[in-house]
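# Sequence and predicted structure are below.
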Amino acid sequence: MKEERYTFQPDTAVFNTVFQYLPVPMFLLDEERRVSKMTPIAKEMFDNTLTERENSPFGRVVNCIHSLDDPRGCGFSQFCEDCSVKKFISDIYKTGIPCYRKEVKLTIGQRRRDCYLLISAEPIGLPSGRKVLLHFDDITDYKKSEERLQKERQRLKDTLEMLPVYVILFTPDYHIAFANRFFRERFGESGGKRCFEYLFGRSEPCQPCPPHKVLETNSSHTWEWLGPDGRSYSIFDFPFTDSDGSPLILEMGIDITDNKLAQEKLTLIKDNLDRAQMVAHIGSWHLDIINNILVWSDETYRIFGLDIGTPLTYDKFLSMVHPDDREYANKSWQAALRREPYDIEHRIVVQGKIKWVREKAQVEFDKRGKAVKGVGTVQDITELKHKEENFRKLQNELMRVSRVTTMGELTAALAHELNQPLMAILSNAQAAQRFLAEKKPDLGGIREILSDIIKDDRRASDVINKIRSLLKRSDFEFVVLDINNIIREVISLLHSEIVIRNVSLTCELDDKIPHVRGDRIQLQQVILNLVLNSFDAMKDIEHKELCIRTRQENGKFIVVSIRDAGTGIGEKVMPRIFDPFFTTKKESMGMGLAINKAIVESHGGSLWAENNPDKGATFYFTLPIAKENKGGKD
Amino acid sequence: MVFIADDDSSVCKGLGRLIKSAGFKVETFVSAEEFLQRKPYRGGPSCLVLDVRMPGLSGIELQKELVQKGVSIPIIFITGHGNIPMSVKAMKDGAVDFLPKPFDDKELLSAIDRAIDKSAQLRKKETEKAKLQRRVNTLTPREYECLRWVITGMLNKQIAHKLGITEKTVKVHRGRVMHKMQAVSVADLVRFAQKCGITSPKK
């Protein structure tokens, strides 16, 4: 056979021509592995630029790193020791049997590239002697892509194996065709058993089998599974087609046990928070300032009367604020964005009804100082406001009542004060009538009478003016005033009372005392009441001494003290004297001091009493000094 | 004579003018104490126009003081602010009137007229009482004793038994008492005794 091959004698000219045009990379080698001939494509393939192509050693032609002369090898490959090409060609020469499609890896060409080649060799006999026809197929690209694919496949497999979730492939007959490491570690190897057998130890499939739904609907679905390991999984099933076209189910399971516990805890916390908010009527909110997304707690929704979950923005909130308060609320929020505190009370309109809320918030800023978000609370204070309002009304009413009562106590003195001049006027006028009725009227006497009448009339109108100043207004008005003037007014009103009761009054009023801010009528009432009280305390005392003092204290307050020489305040009574309806007098309602205290406190001051070391008691009250002392008239 | 006591000098002056114009003599005082210091008025009928509320001694207190002193002068209270209990008390204690200020001249003057009348009556009563008292003072102790029994309406015999003397002696005493007291009948005697405040002994 081999002889036959070698004896083949082709027409050299034809052979040469054919060889020149063969569209495949081919070499014709002699026994010494010298290149007798090569096709143009072979030249191209090996980047050959050598001139000495013909009869050059193959290694040099293909730019093998070794030369043909190198005793280490054939000059064909860098792995010369077991250079497959060298052996391959030697074998063919030896046996004369052709060899096809042998895969070799070579580093060749001027660019020293690694390449995979399929080589085939055919011994042929030529006139010039025995030769070997060497044919190359470059399969480098194929090999490389195969390698890549392999790597890719490995990566995919590794990914699946490393996933912290389980991934399995189910067959319709309940076998597990593939399970990743997560699954195997959790549930063990299936060992060829069907899922229900080895997961649950059952003999029949579960009814229903949720993954099987995928086969019926041919669409994915999600469900939750309590595994035999006692943990909860969130499961995703997808229809999947195997490489051979058979249907499979791809299932992915995520362990959500911890999430679930956390979720439950969170739900519990949220429930508690919700309940607490509901009880306290305090809702909370969170505003993403950058994206203008407002999130409310359930209670906030309830307070605003909106369905829980209604989407919100800051503007939506603002639209629910009472129109009269809207500007105020918005301004306050804009100020909060400039790092000012946000603690406001305003009204909101809920289904046509007005509610009062108190809002508090904190704004968070990023590193560059830009407002990022706001977190706040909203408290329903409607009821509180109503109570406050009622309380205020009640208090006003009480104050009015008490003023009327105080005035009642004063009536005797005032009536006397007014009736005296009226009496004098009347009797003088009638005397004058009588004078005139005489035949020779005493004109000098009548002139005297008339001037007395005028004098008494002035006296009467003075009294009326004083009373009017006490009674004319019923609403309260805070103005800047001089406490000394108020004390003087009260004293002048009580003048006759002081005389009749035989009280010796001393006033030590500090003329340089700063002004205070307050309601004239209310302050008059306080002083009037305290002075009348001191009269009562000294009713049965022989030497009735009363001293009214004013002074200022540490530049913040003025102090008014009313000191009497009366019976003093009993030790047991002392702690209760400011209690409403507490009285030691038969005819008193017991509101006087309680109201005085309320009035003084509403002015920002305080009222207290002390027994004097010798006799009687002193009542003190303080009032804060008005800030704008200039320009205020009293 | 009309006295006026009011702490308000204008009122004093005005009332004084008015009362004077009605033909009375007037004296004014600006406090109760001032009035008390005046020596008792011995002239004709008089009255006091008195303000209830005054510093120091009040009108009511002055009234009390006068009653205690046995000064019987009719009082017309005037007040700027009086109440019913106060006026009732004042009237009980012998006030003639209680006028709330301001009042009309007619009211005041008619009250003064009434007070002066009352004063005159009081004067008359006092004079009569003084006359009778003088008669009583002439009685011997035994005659006085007899008189006290006679006005009980007892017979001479019964009186004699009570006093432990004879009926005849009683008859003599009785005759002298009738004579000294200038009484025509036992009824006269009883009336005189009453006026002088003589009481019958306990039986």
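Structure's in. What do you need? Numbers count the residues shown, from 1 in each chain, chains lettered A, B, ... in the order given.

# How about the stretch 1-150 of chain A: which residue is closest to chain B?
Chain B sits closest to A:R148 of the stretch 1-150 of chain A, with a gap of 120.3 Å, by C-beta to the nearest C-beta. Bear in mind the C-beta positions are built from the backbone N, C-alpha and C, glycine included.

# quick check, that residue in a strand?
No - membership of A:R148 in a strand is not supported by DSSP: H, G, I helix; E, B strand; the rest coil, which gives helix.

# Distance of it relative to A:I176?
30 Å (C-beta to C-beta, to the nearest Å).

# Determine the longest helix present in chain B.
Of all the segments assigned as helix in chain B under DSSP state H, the longest by residue count is helix B:105-137.

# got a list of what residue 128 touches?
Assuming you mean chain A. With contact set as C-beta atoms under 8 Å, 6 or more residues apart in numbering or on different chains, A:S128 has these partners: A:S36.

# let's do chain B instead
Applying C-beta under 8 Å, 6+ apart, the residues near B:E128 are B:K195.

# Report pLDDT for it.
Here the pLDDT value assigned to B:E128 is 87.

# State the distance from it to B:R191.
Counting by C-beta to C-beta, the gap from B:E128 to B:R191 is 11 Å.

# Over to A:K387?
As for A:K387, its distance to B:R191 is 81 Å (criterion: C-beta to C-beta).

# list the helices and strands the one helix or strand B:P85 maps to packs on?
Under the criterion of DSSP states H and E, B:P85 resides in helix B:84-92. In terms of contact count using 3 or more C-beta pairs under 8 Å, 6 or more residues apart in numbering or on different chains; DSSP states H and E, helix B:84-92 is assigned the packing partners helix B:59-69, strand B:75-79, strand B:95-100.

# With respect to burial, which of those scores highest?
Of these, the one with the most neighbours on average (mean count of other C-beta atoms under 10 Å in any protein chain shown) is strand B:75-79, at a mean of 25.

# partners of that one in the sheet?
The strands beside strand B:75-79 in its sheet (DSSP bridges) come out as strand B:47-51 (parallel), strand B:95-100 (parallel).

# tell me the mean pLDDT over that strand?
Per-residue scores along strand B:75-79 average to 90.

# how is chain B carved up into domains?
When chain B is parsed with automatic domain parsing, its domains come out as B:2-126, B:138-196.

# Could you confirm A:A609 falls within a strand?
Yes - under three-state DSSP, A:A609 falls within a strand.

# residues touching it, list them.
Counting by C-beta under 8 Å, 6+ apart, the residues that A:A609 touches are A:569, A:574, A:577, A:617-620.

# follow-up on the earlier one: quick one, which of A:K387 and B:R191 is more surrounded?
Taking neighbours as other C-beta atoms under 10 Å in any protein chain shown, A:K387 and B:R191 compare with B:R191 leading, 14 against 11.

# Quick check: which element contains that one?
Here B:R191 sits within helix B:186-195, counting by DSSP H and E.

# from what I can see B:S200 touches B:W149, true?
Yes - the pair formed by B:S200 and B:W149 meets the contact definition of C-beta atoms under 8 Å, at 7.1 Å.

# quick one: which of the two has more around it?
A direct count of neighbours by other C-beta under 10 Å for B:S200 and B:W149 places B:W149 higher, at 21 against 15.

# Could you measure from the more buried one over to chain A?
Going from B:W149 to chain A by C-beta to the nearest C-beta, to the nearest Å gives 52 Å.

# centre of the chain versus stretch B:16-31, how much separation?
23 Å (C-alpha atoms, centre = their mean, to the nearest Å).

# Show me the residue at the heart of chain B, geometrically.
For chain B, the residue lying nearest the average C-alpha position, counting by C-alpha atoms, centre = their mean, turns out to be B:S72 (4.7 Å).

# how about the closest residue to A:R501 other than its chain neighbours, phi and psi?
In space, A:R501 comes closest to A:F535 once its chain neighbours are excluded; the distance is 5.7 Å by C-beta to C-beta, 6 or more residues apart in numbering or on different chains. Geometry field for A:F535 lists phi and psi as phi -60, psi -50, criterion degrees, to the nearest 10.

# highest average neighbour count across the domains of chain B?
Mean neighbours per residue, mean count of other C-beta under 10 Å, is largest over these for domain B:2-126, with a mean of 18.

# Show me which residues of chain B are close to chain A?
Listed as neighbours of chain A in chain B under the rule C-beta under 8 Å from any C-beta of the partner chain: B:7-8, B:10-11, B:13-15, B:17-18, B:20-22, B:53-56, B:78, B:80-81, B:100-105, B:108.

# for chain A, which spans come out with low pLDDT?
Low-confidence regions of chain A, defined here as pLDDT under 70, cover residues A:1-11, A:47-54, A:57, A:59-85, A:106-113, A:395-413, A:467, A:469-476, A:586-589, A:628-634.

# Around chain B, which positions in it sit nearby?
A:411-412, A:415-428, A:430-431, A:433-435, A:445, A:449, A:452, A:455-456, A:459, A:499-500, A:502.

# Of those, which qualify as buried by neighbour count?
A:412, A:415-428, A:430-431, A:434-435, A:449, A:452, A:456, A:459, A:500 (16 or more other C-beta atoms under 10 Å in any protein chain shown).

# one step back: can you tell me which of the residues of chain A next to chain B are in helices?
Using DSSP H, the subset of the residues of chain A next to chain B located in helices is A:411-412, A:415-428, A:430-431, A:433-435, A:445, A:449, A:452, A:455-456, A:459, A:499-500.

# From the contact counts, what lies against the helix or strand where A:D536 lies?
Applying DSSP H and E as the criterion places A:D536 in helix A:520-537. In terms of contacts (3+ C-beta pairs under 8 Å, 6+ apart), helix A:520-537 is packed against helix A:382-437, strand A:478-481, helix A:483-493, strand A:544-553, strand A:557-564, helix A:592-602, strand A:617-624.

# could you dump that helix to PDB, C-alpha only?
These are the backbone C-alpha positions of helix A:520-537, laid out as PDB (Å, rounded to 0.1, in the frame of the first residue of the first chain):
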ATOM      1  CA  ARG A 520     -55.900  98.700  83.200                       C
ATOM      2  CA  ILE A 521     -59.300  97.500  84.400                       C
ATOM      3  CA  GLN A 522     -58.000  94.100  85.500                       C
ATOM      4  CA  LEU A 523     -55.100  95.600  87.400                       C
ATOM      5  CA  GLN A 524     -57.400  98.100  89.100                       C
ATOM      6  CA  GLN A 525     -59.500  95.200  90.100                       C
ATOM      7  CA  VAL A 526     -56.600  93.400  91.600                       C
ATOM      8  CA  ILE A 527     -55.500  96.400  93.700                       C
ATOM      9  CA  LEU A 528     -59.100  97.300  94.600                       C
ATOM     10  CA  ASN A 529     -59.800  93.800  95.700                       C
ATOM     11  CA  LEU A 530     -56.600  93.500  97.800                       C
ATOM     12  CA  VAL A 531     -57.200  96.900  99.500                       C
ATOM     13  CA  LEU A 532     -60.900  95.900 100.200                       C
ATOM     14  CA  ASN A 533     -59.600  92.600 101.700                       C
ATOM     15  CA  SER A 534     -57.200  94.500 103.900                       C
ATOM     16  CA  PHE A 535     -60.100  96.700 105.100                       C
ATOM     17  CA  ASP A 536     -62.000  93.500 106.100                       C
ATOM     18  CA  ALA A 537     -58.900  92.100 107.800                       C
END
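
# Now do the buried residues in that helix.
The neighbour-count check on helix A:520-537 (16+ other C-beta under 10 Å) flags A:520-537 as buried.

# Please apply the same query to stretch A:277-292.
Residues of stretch A:277-292 classed as buried: A:277, A:281-285, A:287, A:289 (neighbour count, 16+ other C-beta under 10 Å).
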